[in-house]
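**Student:** any chance you could fold what I've pasted below:
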Amino acid sequence: MPYVLLGLAIAFEVCATLALRGSEGFTKVGPSVIVVVGYLLSFGLMAKALTSLNVGPVYAIWSALGTIGAFVGGVVLFDEPVRPVTVAGIVLVVIGVVVMQLGGGVSRA
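**Tutor:** Residues are numbered from 1 along each chain as shown. Presented below is the predicted three-dimensional model:
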């Protein structure tokens, strides 16, 4: 169950981040509401997941999947460019998460 909560937390965080871009500096009400609600739900769900998972690896997963989700969302929704150096950066983030997992996993002892 904590992995489901973490997955939902990441999904809400990505949606909120993409809505932040769509809010145009909080000048559009709809996307601005999505930002606030999305981040509140995201942090609440992550806090609940952290009751049974280790914070370091969980935050690494959160950051990595959030970064990838925001990147893909930016490309799809906002026609942002895909550059080789950006793809290389995403690969490095994923490698970092794998190394974190190898160093301790995500379950509390």
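
**Student:** what's the neighbour count on Ala88?
**Tutor:** Residues lying near Ala88 (other C-beta atoms under 10 Å) number 10. Every C-beta, even on glycine, is put in place using the N, C-alpha and C of the backbone.

**Student:** same check, this time on the one 3 residues further on
**Tutor:** Residues lying near Val91 (other C-beta under 10 Å) number 10.

**Student:** which residue packs closest to Ile34, ignoring adjacent ones?
**Tutor:** Ala19 (3.8 Å; C-beta to C-beta, 6 or more residues apart in numbering).

**Student:** so who does that neighbour touch?
**Tutor:** The neighbours of Ala19, taking C-beta atoms under 8 Å, 6 or more residues apart in numbering as the test, are 31-32, 34-35, 38.

**Student:** got a list of what the most centrally placed residue in the chain touches?
**Tutor:** In the chain, the C-alpha closest to the average C-alpha coordinate belongs to Gly66, at a distance of 2.1 Å (C-alpha atoms, centre = their mean). With C-beta under 8 Å, 6+ apart as the criterion, the residues that contact Gly66 are 10, 13-14, 17.

**Student:** next: Ser23.
**Tutor:** With contact taken as C-beta under 8 Å, 6+ apart, Ser23 is in contact with 31-32, 34-35.

**Student:** for it, give its distance to Val55.
**Tutor:** Taking C-beta to C-beta, to the nearest Å as the measure, Ser23 and Val55 are separated by 29 Å.

**Student:** got the phi/psi numbers for Leu53?
**Tutor:** The phi and psi values for Leu53, taken as degrees, to the nearest 10, are phi -120, psi 150.

**Student:** and the residue nearest to the centre of the chain, how far from Lys28?
**Tutor:** Following C-beta to C-beta, the distance that separates Gly66 from Lys28 is 22 Å.

**Student:** before we move on, what about Met1?
**Tutor:** As judged by C-beta to C-beta, Met1 and Lys28 stand 35 Å apart.
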